[in-house]
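Engineer: following is a predicted model, sequence given first.
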Amino acid sequence: MELCYLVPPEAEGQRLGLFLRSCGLTAGLIKTVKHAGEGFFADGAAIHTDQPVRAGQRVTFALPPDPPTSVTPQRVPLTIAYEDDFVAVLDKPAGLAVHPTLNYPDHTLANGWICHLQEQGRTGVFRPVNRIDKNTSGLVLCAQNAFAAAGLAAHVRKCYLAIAEGTMPRGPGYVEAPVGRRGDSIIGRCVTPQGKYSRTEYEVLAAGPGFSLLACTPCTGRTHQIRVHMAYIGHPLAGDTLYGGSAEKIGRHALHCAVIRFLHPYTGVTHRIASDLPRDMRALAEQDGLLEGWQSEQL
């Protein structure tokens, strides 16, 4: 893929390397294009990164091909909520791991994505910008190339829908408490003074006799952050047996990545991608009267 940037008047005389950094390229990608790719061109003529650019020039370069992936292509049902040459947003069901691990070595979202690329006659790697737990459903933002990966990571905001146990007061709130490992557990996390700074902002959208529906925005990205923070304030997520929730009404923790907003790394346009509540969470919310009086477009 070839990228093209028009040098604006304010960049007159800048070294090419500095101009490229202002366009969102990382130092590592610039080095890769320079040494392992075809190099950079200004109006069709080769140019070095220490040379100045001129206003009005068209700076072009080709992204180097991705290295071979170790992920085996496998047919896994994929729901693609958005896709272009730079970005893909996948809508993951609960029960599907994002990436191969020791416990889940295959038939993951990654395996399905590599198979999707192969069926399109494309090669590439799986680059999730945000990862969600195996039993969390919803949107996973992915970069289609190394250029997009850096830009997306710095400009993404996620909103989760969660069903918590208990009746919570309507309106906004937040939890600011450090999250770290729970004892010697590899999986479990807890609020602990030895943990890392963590903040979750939330709004209670609806409250019934047994459960509350929340829109949660993690301001930091700690493992199990929303689940740990909700349990910490006495409202564990429905179905979240790891953190004190009951599986009586739902067979997995009731957490769904419902909205992702991101700044497109090449066009600069802000995108909002949304995903409806999955069937199991919707059924629980309907039973407790939590779907009246709010619209998903408000998220």
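Structural biologist: Arrived safely, thanks for sending.

Engineer: alpha carbons only for contacts and neighbour counts from here, please
Structural biologist: Fine.

Engineer: and the spatially closest residue to residue 96 that is not a sequence neighbour, how many neighbours does it have?
Structural biologist: In space, and not counting its chain neighbours, residue 96 is closest to residue 134: 5.2 Å by Cα to Cα, 6 or more residues apart in numbering. Number of residues near residue 134 (other Cα atoms under 10 Å) recorded here: 18.

Engineer: partners of whichever strand or helix holds residue 190 in the sheet?
Structural biologist: Applying DSSP states H and E as the criterion places residue 190 in strand 189-191. Paired neighbours of strand 189-191 in the sheet (DSSP bridges): strand 179-181 (antiparallel).

Engineer: show me what counts as buried in stretch 70-90.
Structural biologist: Neighbour counts over stretch 70-90 (16 or more other Cα atoms under 10 Å) mark 71-74, 76, 81, 86-90 as buried.

Engineer: now for the lowest-mean-pLDDT helix or strand in the chain, which elements pack on it?
Structural biologist: Within the chain, no helix or strand scores below helix 146-154, which has a mean of 86 by mean pLDDT, DSSP states H and E. Counting contacts by 3 or more Cα pairs under 8 Å, 6 or more residues apart in numbering; DSSP states H and E, helix 146-154 packs against strand 137-143, strand 255-263.

Engineer: next secondary structure after the strand holding residue 190?
Structural biologist: strand 199-207.

Engineer: any idea how far that next one is from the chain center?
Structural biologist: From the chain centre to the centre of strand 199-207 is a distance of 20 Å (Cα atoms, centre = their mean, to the nearest Å).

Engineer: hang on, the earlier thing: you'd agree the residue nearest to residue 96 is in a helix?
Structural biologist: No - counting by DSSP: H, G, I helix; E, B strand; the rest coil, residue 134 is not found in a helix; it is coil.

Engineer: need the contact list for it.
Structural biologist: Contacts of residue 134 were listed using Cα atoms under 8 Å, 6 or more residues apart in numbering, and they are 94-98.

Engineer: redo that, cut-off 10 Å
Structural biologist: Residue 134 makes contact with 92-99, 104, 108-109, 252 under the criterion Cα atoms under 10 Å, 6 or more residues apart in numbering.

Engineer: can you redo those residues as JSON lines with pLDDT, distance to residue 152 and neighbour count?
Structural biologist: As requested, those are exported to JSON lines (pLDDT from 0 to 100; distance: Cα to Cα, whole Å; neighbours: other Cα atoms under 10 Å):
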{"residue": "92", "pLDDT": "97", "distance to residue 152": "19", "neighbour count": "27"}
{"residue": "93", "pLDDT": "97", "distance to residue 152": "23", "neighbour count": "19"}
{"residue": "94", "pLDDT": "96", "distance to residue 152": "24", "neighbour count": "20"}
{"residue": "95", "pLDDT": "95", "distance to residue 152": "26", "neighbour count": "13"}
{"residue": "96", "pLDDT": "96", "distance to residue 152": "23", "neighbour count": "18"}
{"residue": "97", "pLDDT": "95", "distance to residue 152": "22", "neighbour count": "25"}
{"residue": "98", "pLDDT": "95", "distance to residue 152": "18", "neighbour count": "23"}
{"residue": "99", "pLDDT": "92", "distance to residue 152": "19", "neighbour count": "20"}
{"residue": "104", "pLDDT": "85", "distance to residue 152": "27", "neighbour count": "13"}
{"residue": "108", "pLDDT": "96", "distance to residue 152": "22", "neighbour count": "25"}
{"residue": "109", "pLDDT": "96", "distance to residue 152": "19", "neighbour count": "27"}
{"residue": "252", "pLDDT": "97", "distance to residue 152": "29", "neighbour count": "23"}
